[in-house]
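**Student:** Take a look and give me a structure for this.
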Amino acid sequence: MEARAVLRYARISPRKVKIVLDLIRNKPVNVAKGILNNTPKSASDILIKLLDSATANAEHNHGMDTDKLYVAECFASQGPTLKRIQPHAQGRAFKILKRTSHITLVLKELED
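**Tutor:** So this is what the prediction gives:
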């Protein structure tokens, strides 16, 4: 039995999200939440909401015990890239790539 939460089209680069996801992988939910609360990265705020959503899904949809949950899987993949142009000297235009992410968080119950 597993509960998952997916955030699609998050306006943050997947490279930045993966750094924070590596910190919480295979940790209990309460420990993962403590790590996210004390990590000074912009991805932390997004992942706290996603972790809360996955926990609520586990409790409400699957009737799982929230005290036994842990982060079984978590990954971020590349979403569509927004392409913007910034004017530069002598009439040139430089591309700015605003990357997006699809973030998935899977929770499972610890087996006794």
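
**Student:** Going by C-alpha atoms from here, please, whenever you check contacts or count neighbours.
**Tutor:** Fine.

**Student:** helices and strands around the helix ranked longest in the chain, which ones?
**Tutor:** Ranked by residue count and defined by DSSP state H, the top helix of the chain is helix 42-62. Applying 3 or more C-alpha pairs under 8 Å, 6 or more residues apart in numbering; DSSP states H and E, one finds that helix 42-62 contacts strand 2-10, helix 14-24, helix 29-37, strand 101-109.

**Student:** cutoff 7 Å now
**Tutor:** Applying 3 or more C-alpha pairs under 7 Å, 6 or more residues apart in numbering; DSSP states H and E, one finds that helix 42-62 contacts strand 2-10, helix 14-24, helix 29-37.

**Student:** any idea whether the residue lying farthest from the centre of the chain is helix, strand or coil?
**Tutor:** Distance from the C-alpha centroid of the chain peaks at Gln90, with 40.8 Å (C-alpha atoms, centre = their mean). Applying DSSP: H, G, I helix; E, B strand; the rest coil to Gln90 yields a three-state assignment of helix.

**Student:** out of everything not next to it in sequence, what's closest to Arg84?
**Tutor:** What sits nearest to Arg84 in space, not counting adjacent residues and going by C-alpha to C-alpha, 6 or more residues apart in numbering, is Ile96, at 5.0 Å.

**Student:** Any figure for the gap between the one you found and Leu82?
**Tutor:** Distance of Ile96 to Leu82, computed by C-alpha to C-alpha, to the nearest Å: 8 Å.

**Student:** Lovely, talk soon.
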